[in-house]
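[1] Sharing a model prediction with you, sequence too.
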Amino acid sequence: MELINKSAHEFTDISSEEYRTYRFVDGSFTINRPLSLSVSPSGGHRVFDASGRSHYIPTGWIHLEWMAKAGQPNFVA
């Protein structure tokens, strides 16, 4: 799946991740096979995944967890 971005947001390649889970006080949300990430000045995350879904995660999460794919970097710029 290819990201088509016609916004002013800049995206970082996070395709090295298997998944990422955002934890909130009242629950959590997991995105499988994330491909691209844009972080807003407000702290919100825009994530594009391999199934073509676009996600917006607002500020307020208390923990972020991800798993790198085998042989891939644990952290990307």
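    Looks like it came in fine.
[2] which stretches of this structure form strands?
    12-13, 17-24, 27-32, 34-39, 45-49, 54-57, 63-68 (DSSP state E).
[3] Tabulate the ones you listed in CSV, adding columns for mean neighbour count and mean pLDDT.
    (Glycine included, C-beta is placed from N, CA and C.) Below are the strands of the chain laid out as CSV (neighbours: other CB atoms under 10 Å; pLDDT from 0 to 100):
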stretch, mean neighbour count, mean pLDDT
strand 12-13, 12, 96
strand 17-24, 17, 98
strand 27-32, 13, 97
strand 34-39, 20, 98
strand 45-49, 20, 98
strand 54-57, 14, 97
strand 63-68, 12, 97
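[4] Distance to Ile4 for the ones you listed - can I get that in CSV?
    Below are those laid out as CSV (distance: least, CB to CB, whole Å):
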stretch, distance to Ile4
strand 12-13, 15
strand 17-24, 20
strand 27-32, 18
strand 34-39, 11
strand 45-49, 9
strand 54-57, 10
strand 63-68, 24
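[5] closest one to Ala77 among these?
    Ala77 sits nearest to strand 12-13 of all these, at 6.7 Å, using CB to CB.
[6] same for the closest one, what does it pack against?
    Under the contact criterion of 3 or more CB pairs under 8 Å, 6 or more residues apart in numbering; DSSP states H and E, strand 12-13 touches strand 34-39.
[7] Please name the residues that touch the residue positioned nearest the centre of the chain.
    Taking CA atoms, centre = their mean as the criterion, Val47 is the residue nearest the geometric centre of the chain, at 4.1 Å. With contacts defined as CB atoms under 8 Å, 6 or more residues apart in numbering, the neighbours of Val47 are 14, 20, 31, 34, 36-37, 54-57.
[8] again, 7 Å this time
    By CB atoms under 7 Å, 6 or more residues apart in numbering, Val47 lies in contact with 31, 34, 37, 55, 57.
[9] ok, and the closest non-adjacent residue to it?
    His55 (4.5 Å; CB to CB, 6 or more residues apart in numbering).
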